[in-house]
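Asker: Build me a structure from this.
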Amino acid sequence: MLTVHEPPAGRNDLPRPTTRKDFPPLPSFARQPGDQISAQVLATSGVFGFLASCWLANRLGVSSEAGIVALCLSGTAFPLVVLSLLILKVHLRSTTGIRTTKQRPLDWLRVGTKLLGLCATFVPLGVCYWLIPEYSRPFYAPVWEMLTWVACPAGVLAVAYFAWMDRRMAEPHDMYWKLGGWCLGRQPSIEPTGFRQFVLGWVVKGFFLPLMLAGAAENLPVLVRDGFGFASFALLYTSAVVLIYSLDVTYGALGYLFTFRVLDAHIRSVEPTGVGWMSAIICYVPFSTFVWGTFLKYKGAIEWNEWLAEMPILYVTWGCAILFLLVIYVWATVSFGCRFSNLTNRGIITDGPYRLVRHPAYLAKNIAWWLMYVPFAAHLDWQSAIKGCICLALTNLIYVIRSKTEERHLMADPAYRAYCEWIERNGAVAQFRSLFRPKQRGGTVES
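Answerer: Model (predicted):
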């Protein structure tokens with residue numbers, strides 16, 4: 001998915017062509033008026049918090065997977081939240097739906113109704129986690145351990161947050177209030193379109209949040225325990241990959257946790273099509289295990305490092321190319337800040353690698369897979385090699401479908417339409433094409 005900034009009112013215009021040849025300027029809506037820091041500075045602050053948390057977990061000797069994840073999530077979130085609220089003051093943006101003046105008196109009855117709606121939302125999620133065997137696997141054990149730690153504090157914070165928001169929301173009768181009223185018999189019916197978006201938003205969070213937290217619990221302890229190795233390129237490569245994947249799932253987990261209006265990170269809309277949902281969820285366990293384990297087996301007996309083990313110069317060059325692509329991939333994730341999310345629109349990202357192409361993460365990791373798994377060389381016979389290449393090409397096609405469904409969904413947002421127009425004129429492809437166009441000077445064309 002894409003996300004981060006929405007155009008200020010009356011600022012949907014695109015920038016005029018620039019005379020700079022090195023790089024085009026950001027779109028006019030890339031920053032809000034008065035922003036003192038860019039979105040990249042904000043997003044990168046979380047990386048420093050993440051690294052500091054990993055160092056602290058190592059120094060304190062934290063051994064619990066759940067404890068390491070909780071510490072790293074907190075350390076990453078702290079600078080993101082503080083800078084968002086105190087420096088950028090995102091809670092004052094009109095897109096949050098929060099009033100900055102004329103706060104209404106606190107209505108505890110309305111707050112209680114909303115909290116009931118929140119509890120009614122959690123009940124079916126809890127039943128699904130209990131009922132579906134996938135969530136009983138040891139892979140998810142650290143997630144449920146963390147849940148037991150944070151359940152009571154989160155409940156207290158939820159009361160405080162709902163009370164604070166109730167006084168300030170432009171429209172306090174939100175879907176939580178309607179759902180709570182329906183549970184009490186005070187709301188005879190709920191508007192179906194809004195309720196459908198509400199349910200789908202929680203399905204997205206309910207599916208992806210445990211997955212991201214479990215992924216963090218799998219990678220972060222390795223990073224904290226082993227640190228970063230420099231003894232050999234192989235060790236450096238392994239350490240870098242663990243770091244990249246750890247950072248990716250940490251930002252992913254924060255994205256699903258921090259869907260708060262006060263951070264301007266709430267869900268605006270959810271992917272409306274079955275094709276969009278299917279192409280996204282099959283890329284994640286448990287569905288990916290079935291799809292790529294049964295139908296699209298592109299991995300062979302070896303990977304790139306074994307293939308090139310006897311060619312040290314090419315080995316290092318190939319490994320650096322993979323790391324470069326993975327850095328682009330995780331840079332795209334980090335650029336979301338606390339707004340990362342699949343299948344939703346939570347604002348439009350226009351900076352970082354999104355200045356170059358519309359889908360930098362998909363592009364980078366799909367190319368990286370060809371270099372990592374080398375299906376053309378990893379199989380024992382030429383027929384298996386051809387099959388592996390076809391399966392990986394079909395995998396790439398799935399991500400093309402994902403990108404197209406995301407674009408169709410986001411095209412409903414005027415900011416995304418403006419961003420796409422800007423990318424067409426100023427993105428990496430446009431810049432590359434401009435190298436081969438005749439230059440115009442004084443009404444004549446130079447070739």
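
Asker: Please name the nearest non-neighbouring residue to the residue positioned nearest the centre of the chain.
Answerer: Residue closest to the average C-alpha location in the chain (C-alpha atoms, centre = their mean): F340, at 2.7 Å. Take F340 and drop its neighbours on the chain: the residue closest to it by C-beta to C-beta, 6 or more residues apart in numbering is G255, 3.0 Å away. For glycine as for every other residue, the C-beta is placed from the backbone atoms N, C-alpha and C.

Asker: Buried ones in the host helix or strand of that neighbour, by neighbour count?
Answerer: Taking DSSP states H and E as the criterion, G255 maps to helix 233-257. Neighbour-count burial for helix 233-257 flags 236-257 (criterion: 16 or more other C-beta atoms under 10 Å).

Asker: What is the neighbour count of A154?
Answerer: As a burial measure, A154 scores 12 neighbours (other C-beta atoms under 10 Å).

Asker: So it belongs to a helix, correct?
Answerer: Yes - assessed by DSSP: H, G, I helix; E, B strand; the rest coil, A154 belongs to a helix.

Asker: residues contacting it?
Answerer: Not one residue lies near A154 by C-beta atoms under 8 Å, 6 or more residues apart in numbering.

Asker: could you measure it against R437, distance?
Answerer: Distance of A154 to R437, computed by C-beta to C-beta, to the nearest Å: 56 Å.

Asker: what's around N305, how many residues?
Answerer: N305, neighbours per other C-beta under 10 Å, totals 17.

Asker: Now do the helix or strand it falls within, average pLDDT.
Answerer: Per DSSP H and E, N305 falls inside helix 304-307. Helix 304-307 shows a mean pLDDT of 96.

Asker: got it, and stretch 437-447?
Answerer: For stretch 437-447, the per-residue pLDDT averages 59.

Asker: again, but for stretch 58-73
Answerer: For stretch 58-73, mean pLDDT rounds to 97.

Asker: can you give me the end-to-end distance of that stretch?
Answerer: 15 Å (C-alpha to C-alpha, to the nearest Å).

Asker: now it, how far from the centre of its chain.
Answerer: 22 Å (C-alpha atoms, centre = their mean, to the nearest Å).

Asker: still on that earlier bit, my guess is the residue nearest to F340 contacts N342, does it?
Answerer: No - applying C-beta atoms under 8 Å as the test, G255 and N342 come out as separate, 9.0 Å apart.

Asker: which residues are in contact with both of these two?
Answerer: With C-beta under 8 Å, 6+ apart as the test, G255 and N342 reach no residue in common.

Asker: what bits of the stretch 51-200 of the chain have low per-residue confidence?
Answerer: Residue ranges of the stretch 51-200 of the chain with pLDDT under 70: none are present.

Asker: contacting residues around S84?
Answerer: Contacts for S84 (C-beta under 8 Å, 6+ apart) come out as L42, V90, L263, D264, G337, C338.

Asker: Which parts of the stretch 301-447 of the chain are helices?
Answerer: 304-307, 312-334, 360-373, 382-410, 414-426, 428-434 (DSSP state H, counting those that start in this stretch).

Asker: and what of the stretch 151-300 of the chain?
Answerer: Using DSSP H, counting those that start in this stretch, helices in the stretch 151-300 of the chain cover 175-183, 192-226, 233-257, 274-281, 287-294.

Asker: Against which helices or strands is the third one packed?
Answerer: When you say that, I think you mean helix 233-257. helix 39-60, helix 65-82, helix 192-226, helix 312-334 (3 or more C-beta pairs under 8 Å, 6 or more residues apart in numbering; DSSP states H and E).

Asker: just these: most buried one?
Answerer: Neighbour counts (mean count of other C-beta atoms under 10 Å) averaged over each of the helices and strands packed on helix 233-257 peak at helix 65-82, with a mean of 21.

Asker: Take the helices of the stretch 301-447 of the chain and write them to TSV, including distance to E65.
Answerer: Formatted as TSV, the helices of the stretch 301-447 of the chain follow (distance: least, C-beta to C-beta, whole Å):
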stretch	distance to E65
helix 304-307	27
helix 312-334	21
helix 360-373	25
helix 382-410	30
helix 414-426	38
helix 428-434	39
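
Asker: highest average neighbour count across these?
Answerer: When the helices of the stretch 301-447 of the chain are compared using mean count of other C-beta under 10 Å, helix 360-373 is most buried, at a mean of 20.

Asker: quick one, what contacts the residue nearest to F340?
Answerer: M212, A265, F336, C338, R339, F340, S341.

Asker: so can I have TSV of the helices and strands packed on helix 233-257 showing distance to V374?
Answerer: Shown next, in TSV, are these (distance: least, C-beta to C-beta, whole Å):
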stretch	distance to V374
helix 39-60	30
helix 65-82	32
helix 192-226	23
helix 312-334	9
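
Asker: Go through those helices and name the closest to T95.
Answerer: helix 39-60 (14.2 Å; C-beta to C-beta).

Asker: what's the angle from the closest one to helix 233-257?
Answerer: Orientation check (axes from the mean of the first three to the mean of the last three C-alpha atoms, to 10 degrees): helix 39-60 against helix 233-257 gives 110 degrees.

Asker: If you count contacts, what does helix 39-60 end up packed against?
Answerer: helix 65-82, helix 192-226, helix 233-257, helix 312-334.

Asker: Give me the distance from that helix to the chain's centre.
Answerer: Using C-alpha atoms, centre = their mean, the offset of helix 39-60 from its chain centre is 17 Å.

Asker: and the angle from that helix to helix 192-226?
Answerer: Relative orientation of helix 39-60 versus helix 192-226 (the same axes, to 10 degrees): 50 degrees.

Asker: Pull the residues that contact helix 39-60.
Answerer: Contacts to helix 39-60, defined as C-beta under 8 Å, 6+ apart, come from residues 4-5, 30-31, 67-68, 71-72, 74-80, 83-84, 88, 220, 223-225, 227, 246-247, 250-251, 254, 334-338, 349, 351-352.
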